[in-house]
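Visitor: Kindly generate the corresponding structure for this input.
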Amino acid sequence: MPGTKRTIRPEDVYRLRSIQDPQVSPDGRWVACVISQADRQKDRWLSDIWLISTDGKKRLQLTNRHHRDSSPRWSPDGTRIAFLSPEKDDERSKPQLWVIPAGGGEARQITQLKQGLSSPAWSPDGKRIAFLARNPKREDDEQEADKPKIEVKHGRVFATDVRVIDRIRYRSSTFLPKEERRHIYIISATGGRPRKITDGDCDDSEPTWSPDGTRIAFVSNRGRDPDWDLTGDIWIVPAQGGDPRRLSTLAGGASNPAWSPDGKHVAYIGSPAPEVFRLEDRIWLQPADGGKARGLTQSHPGYPHSLRWSPDGGAVYFQCIEEGFNSLWRVDTRAKAVRILAKQRCVDGYSIARDAGTIAFLLSAPDHPAELYVCGPDGEAQRRLTQENRALLRQLRLGTTEAFWCRSADGTPVHAWLVKPPGFRADRRYPLVLQVHGGPYAAYLETWKFDAQVLAAQGFLVVYSNPRGSTGYGKEFQTAIVGRWGVLDSQDVLAAVDHVVGQGSVDPQRLGVMGASYGGFMTTWLVGTTDRFAGAVASCAATDERMFYYSADMPKWSEEEIGGPPWERAADYARMSSSSHAHKIRTPILLLHADDDTRVPISHSEIIFTTVKRLGVESVFVRYPTGGHGFGGHTPRYTCDTLNRAVDWLTDHLKGRRAPSGRKPRAR
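Guide: So this is what the prediction gives:
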């Protein structure tokens, strides 16, 4: 029937369009951004660079290569745009640097680096571009792949297709071997041979030019133990190359360097606390030539990120997660902070016009993915510039999302959300699915949530919350679970379930739970310590802290979280592992994991699967060949596959047959 709306389904991932990386032109008249969409035939997300006028009247598709174009950056005079794109349309081709006239035309390829590059940054005079690239390795050369797998040295045979490991963090996808470290290069904006300006047994990132073009500030773990520390510091290097000079000295490291417009100061985000989970990130202002750093947000309750200077140099803009929203703030050099956009906003990214002060930003909400907006320097004159998914959303009946607060067992307030199915009726009783976020030091935001909408479309109520450990609710709330996973946090997520059940629209015998990473920990923890759930789905679940220490990519984090290595704190590692309760699981469970996950290796799911299978509990284990820790979003087919499998599993066990009688959680 014409005009009839339908519910959303996993395959709509191929129809949704996504906007990222808004970059406003220096004069504030245009915004360059990336618009991407999944391609079913190629099974990957393809993206192009678009220009959208800030008056909302014009838009221009700047690239149409059907590749993976990204990172648009305006030249200082606003006449050109640099961007990244692979030279060839295949998975092996790495991103290269291109420059295209802002008015449209033919893009010019600037680099031909087999290892690819990232983080392009124009010099203030528009003549050079800095970028990051790792040192090339043999596998980058396609001809090297065909070379013999045997090497003879002085009559002795060695294999060439082995990996020789000499450092702990070799598993990390971002921590590279010594011979492959990432460093800063500079190349002419018209092409030529790039010049490497940093080196060493360290990784560099976030290159940022000084206003006069003579220096580059950047983040580096040089001077720290690169095989152990998880943070870096702010360094400054002459643009022509030379010895870098360390600027920041905070124990917890620093990031996001931003030069003041007059070049006299560098603002950055850093923490005086060395422990990763206790990071107390604040904005600091330090003379570029050295001297004492001064805190600008010491009294601000939230943790800032994404710094940008105001054009006049009088203030620094920043984002801050607070109570389920990602707000935009500004703090002046006297440490007075004001909110620029209303608290009830989820800003996904922003930039500021150098000359006009116009702010371009992305906003997302539970009823729509991120769209592009602009406003004035003080947040005034907000207007929406895009409606990329209007045609699709008009065809869909979405679930409604309602925020609420409830109280945990000890009276602590817990922030949560409930997604109701399309056509919800208060006189009916629905199955309920609890979702748990990863981290644990992260948070759900009041934003578009595709997976929750897919579940709601299948007739499930969906509840998700920010339990203790979540960011945006103060330091005490966030650090309450340090070394104590599964205690207060489990009470908090169950409090959200109890609150919704108490409203009368839930069948308490048809409860499900799902989550990924730490959310997978909580999923397996709950079904191992309570009989309340009739079905569970755990993705890339972190189930065993001892195994995490020995096989994941950041053992330092475990030592700080638990208080020492496993051989000194064996009981504590066991206490924080959901695998310790795996033998008590009776809930049917679906386990999803990628073979190449280096953050939470697949052995974490194998522990649960082997245990429950041995005990005769209904379970299925799905292994994905690639995709790492975020395998569910690695390719569109994996997005569809993981959602369809979760829907089928939960439908079978929450709707297809009656769940076991609900009982109170077992004593821990």
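
Visitor: how about T523, secondary structure?
Guide: Under the three-state scheme (DSSP: H, G, I helix; E, B strand; the rest coil), T523 adopts helix.

Visitor: Quick check: it touching M514?
Guide: Yes. Between T523 and M514 a contact is recorded at 6.0 Å, counting by Cβ atoms under 8 Å. For every residue, glycine as well, the C-beta is placed using N, CA and C.

Visitor: Overlap of the contact sets of these two?
Guide: Taking Cβ atoms under 8 Å, 6 or more residues apart in numbering as the contact rule, the neighbours common to T523 and M514 are V436, A536, V537, A538.

Visitor: So for T523 and M514, which sits in the more crowded spot?
Guide: A side-by-side neighbour count of T523 and M514, using other Cβ atoms under 10 Å, places T523 first with 32 against 28.

Visitor: Would you enumerate the residues in contact with that one?
Guide: Going by Cβ under 8 Å, 6+ apart, T523 touches V436, V513, M514, G515, A536, V537, A538, A541, I589.

Visitor: now the fifth one, which residues is it bridged with?
Guide: What that stands for is A536. Taking DSSP bridges, one obtains V513, I589 as the residues bridged to A536.

Visitor: Neighbours of it, how many?
Guide: 30.

Visitor: gap between it and L590?
Guide: With the distance defined as Cβ to Cβ, to the nearest Å, A536 ends up 7 Å from L590.

Visitor: re earlier: going by distance to G252, which of the contacts of T523 wins?
Guide: Comparing the contacts of T523 against G252 with Cβ to Cβ picks out V436 as the nearest, at 27.2 Å.

Visitor: doesn't G519 make contact with the closest one?
Guide: Yes. Using Cβ under 8 Å, V436 is in contact with G519, at 3.8 Å.

Visitor: residue boundaries of the strands in the stretch 251-400 of the chain?
Guide: For the stretch 251-400 of the chain, strands defined by DSSP state E, counting those that start in this stretch occupy the ranges 254-259, 265-270, 282-287, 294-295, 304-309, 315-322, 325-332, 337-339, 347-352, 359-365, 368-375, 383-384, 396-397, 400-407.

Visitor: May I have stretch 158-165 as PDB, with CA atoms only?
Guide: As requested, C-alpha coordinates have been extracted for stretch 158-165 and formatted as PDB (Å, rounded to 0.1, in the frame of the first residue of the first chain):
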ATOM      1  CA  PHE A 158      66.300 -19.200   8.300                       C
ATOM      2  CA  ALA A 159      62.600 -18.700   7.500                       C
ATOM      3  CA  THR A 160      61.500 -15.300   6.300                       C
ATOM      4  CA  ASP A 161      57.800 -15.700   7.000                       C
ATOM      5  CA  VAL A 162      58.000 -15.700  10.800                       C
ATOM      6  CA  ARG A 163      57.500 -12.900  13.300                       C
ATOM      7  CA  VAL A 164      60.200 -12.300  15.800                       C
ATOM      8  CA  ILE A 165      58.900 -10.800  19.000                       C
END
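
Visitor: quick one: average pLDDT of it?
Guide: The average pLDDT within stretch 158-165 is 88.

Visitor: Distance from that stretch to the middle of the chain?
Guide: Distance, stretch centre to chain centre, for stretch 158-165: 33 Å (Cα atoms, centre = their mean, to the nearest Å).

Visitor: Now do the helix or strand harbouring W557: which elements does it pack against?
Guide: For W557, the host element (DSSP states H and E) is helix 555-562. The criterion is 3 or more Cβ pairs under 8 Å, 6 or more residues apart in numbering; DSSP states H and E, and the helices and strands that helix 555-562 contacts are helix 545-551, helix 570-575.

Visitor: could you dump those to CSV with mean pLDDT and distance to R224?
Guide: CSV is the format used below for these (pLDDT from 0 to 100; distance: least, Cβ to Cβ, whole Å):
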stretch, mean pLDDT, distance to R224
helix 545-551, 94, 20
helix 570-575, 97, 26
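
Visitor: which one of the ones you listed is the most hemmed in?
Guide: Most buried of those by mean neighbour count (mean count of other Cβ atoms under 10 Å) is helix 545-551; its value is a mean of 21.

Visitor: same for that one, what does it pack against?
Guide: Going by 3+ Cβ pairs under 8 Å, 6+ apart, helix 545-551 lies up against helix 555-562, helix 570-575, helix 603-614.

Visitor: Show me which residues of the last one are buried.
Guide: In other words, helix 603-614. Of the residues in helix 603-614, those scored as buried under the neighbour-count criterion (16 or more other Cβ atoms under 10 Å) are S603, H604, S605, E606, I607, I608, F609, T611, V612.

Visitor: and what of stretch 227-236?
Guide: For stretch 227-236, burial by neighbour count (16+ other Cβ under 10 Å) applies to D229, L230, T231, G232, D233, I234, W235, I236.

Visitor: before we move on, what about stretch 586-594?
Guide: For stretch 586-594, by 16+ other Cβ under 10 Å, it's T587, P588, I589, L590, L591, L592, H593, A594.

Visitor: Which parts of the stretch 451-600 of the chain are strands?
Guide: 461-466, 506-516, 535-539, 589-594.

Visitor: helices and strands around the longest one, which ones?
Guide: With contacts defined as 3+ Cβ pairs under 8 Å, 6+ apart, the packing partners of strand 506-516 are strand 430-436, helix 488-501, helix 518-529, strand 535-539, helix 636-650.

Visitor: where in the stretch 201-350 of the chain is pLDDT low?
Guide: Counting by pLDDT under 70, the ranges of the stretch 201-350 of the chain that qualify are 276-279.

Visitor: In CSV, list the contacts of T523 along with pLDDT and distance to V331.
Guide: Output for the contacts of T523, formatted as CSV (pLDDT from 0 to 100; distance: Cβ to Cβ, whole Å):
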residue, pLDDT, distance to V331
V436, 98, 33
V513, 98, 40
M514, 98, 39
G515, 97, 35
A536, 98, 44
V537, 98, 42
A538, 98, 41
A541, 97, 39
I589, 98, 47
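
Visitor: and the buried residues of stretch 586-594 as TSV, adding distance to R182?
Guide: Formatted as TSV, the entries for the buried residues of stretch 586-594 read as follows, by distance: Cβ to Cβ, whole Å:
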residue	distance to R182
T587	44
P588	44
I589	39
L590	37
L591	34
L592	31
H593	28
A594	24
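
Visitor: Identify, from these, the entry nearest to W649.
Guide: L590 (4.4 Å).
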